[in-house]
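J.: Let's see this in three dimensions:
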Amino acid sequence: MKKIILSAIMLIGLAFTAQAQDISKNALGLRLGGNNGFGGELSYQRALGSNNRLELDLGWRNRSNYNNNGYDDNAVKLAALYQWVWNIDGGFNWYAGVGGGVGSYSYDNNNESFNDTFVFAAGDIGIEYNFDIPLLISLDFRPEFGGNGYYENNYGSDIALGLRYQF
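T.: Residues are numbered from 1 along each chain as shown. So this is what the prediction gives:
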């Protein structure tokens, strides 16, 4: 835990020394990752300034006979993150953010049904490249804490590839 806190302090310190670049006003696309079984998410980014933005991600899944064990599994999750963006060079940026979200899941097998909702806190750190065409590609890591029993040990994380159209 001390290492995580020290790393976060170092990243924040580095953030204040980096140079900002204007970011696209809007970006819409997909965030593709493991995401605790969600796989893909619809993703929207809205610029709030020259170097910060809001990201909203909506993920869902609907699986029948999951792992050939007779389980039906349905879930939906909405995440919202406030992000700071810093320029590395040209169209290459890195970003970090904090936020949270809410979700709902249910599963059903031959013997048992279960439904629940959950809330979580999330962080985000990643890199992105802004092409000369209106395409933004990113790679990020998102740890999520909470989940009210949805995540094992109340922790889930995800590494994802983002592809977004900028307008």
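J.: and the residue of the chain most remote from its centre, helix, strand or coil?
T.: Within the chain, Asn111 marks the point farthest from the mean C-alpha position, 33.8 Å out by CA atoms, centre = their mean. For Asn111, the assignment made with DSSP: H, G, I helix; E, B strand; the rest coil gives coil.
J.: Model confidence for it, exactly?
T.: Asn111 is assigned 75 on the pLDDT scale.
J.: Next: Gly147.
T.: Model confidence at Gly147 (pLDDT) stands at 73.
J.: Phi and psi next, for it.
T.: Here is the backbone geometry of Gly147 (degrees, to the nearest 10): phi 90, psi -10.
J.: where's it relative to Leu48, distance?
T.: Applying CB to CB, to the nearest Å, the value for Gly147 to Leu48 is 27 Å. (Glycine included, C-beta is placed from N, CA and C.)
J.: So which of the two has more stuff around it?
T.: For Gly147 versus Leu48, neighbours defined as other CB atoms under 10 Å are more numerous around Gly147 (22 against 13).
J.: ok, so what distance separates the more buried one from Phe114?
T.: Taking CB to CB as the measure, Gly147 and Phe114 are separated by 14 Å.
J.: May I see the buried residues of the helix or strand hosting Asp158?
T.: Assigned by DSSP states H and E, Asp158 falls within strand 155-166. By neighbour count, and taking 16 or more other CB atoms under 10 Å as the criterion, the buried residues in strand 155-166 are Gly156, Ser157, Asp158, Ala160, Gly162, Arg164, Gln166.
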